[in-house]
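>>> fold the following, please.
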Amino acid sequence: MENRTFYNEILTEHNIHPLHKFKMINPRNSLRGVNPSCGDDITLQLNVSDDGVIEDGAFFGDGCAISQASADIMLDMILGKSVEEALALKDTFLKMIKDQVTEEELELLEEAGALQDISHMPSRVKCAVLGWHTLEEILKNGSDKTSVTTE
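Numbers count the residues shown, from 1 in each chain. From the prediction side, this is the model:
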């Protein structure tokens, strides 16, 4: 029970006081992510250096506490990382959401581990993965699309 309370505090803090929820001025890449089943709608903005390091990032939009906290936690984790490292973290996060992650992999996710119980709540999975799917699309394809969905 103590652990669950700690994780709820992490989610609440990232939802109420997100560090990365704002609009960047002239980001290199920007992509909208939409979860049509519940209305979560975020825009992820990133500046990736020419040598493939995520130098800056932010998100803005509306959605449930899980989608907002997940996007904020994700940005905490990927800033300063290479594109390859960020995509590896995304893969590990998605494994966790599918309840297929090892204890060692879970440790790599740091605060994102607070979302582990989402794997047992199918209706909330799309909320948790919205930012991560948007990240994957932006890192692999840039801003070629206008939006990506969880559908």
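>>> the residue nearest to residue 101 when sequence neighbours are not counted and residue 65, how far apart?
Ranked by Cβ to Cβ, 6 or more residues apart in numbering and with sequence neighbours excluded, the top spatial neighbour of residue 101 is residue 95, at 4.5 Å. Heads up, the C-betas are built off the backbone N, CA and C, glycines and all. Per Cβ to Cβ, to the nearest Å, residue 95 is found 23 Å from residue 65.
>>> same question, residue 17
With distances taken as Cβ to Cβ, residue 17 is found 12 Å from residue 65.
>>> of the two, who's got more company?
The residue with more neighbours, out of residue 17 and residue 65, is residue 65; 15 against 9, by other Cβ atoms under 10 Å.
>>> state the helix or strand in which the closest residue to the more buried one other than its chain neighbours lies.
Setting aside the residues directly before and after it, residue 65 is nearest to residue 15 in space (Cβ to Cβ, 6+ apart), at 4.2 Å. Residue 15 belongs to helix 2-16 when elements are defined using DSSP states H and E.
>>> partner strands of the next helix or strand after that helix, with direction?
Of the helices and strands lying after helix 2-16 in sequence (DSSP H and E), the nearest is strand 29-35. Applying DSSP bridges to the sheet, strand 29-35 is found paired with strand 40-48 (antiparallel), strand 147-149 (parallel).
>>> right, so of those strands, which gets closest to residue 119?
Each of those was scored for nearness to residue 119 using Cβ to Cβ, and the closest is strand 40-48 (17.9 Å).
>>> neighbouring contacts of that closest one?
Outside of strand 40-48, the residues that reach it under the criterion Cβ atoms under 8 Å, 6 or more residues apart in numbering are 23-24, 27-35, 54-64, 67-68, 71, 83, 126-127, 130-131, 134-135, 138-139, 150.
>>> cheers, nothing more for now.
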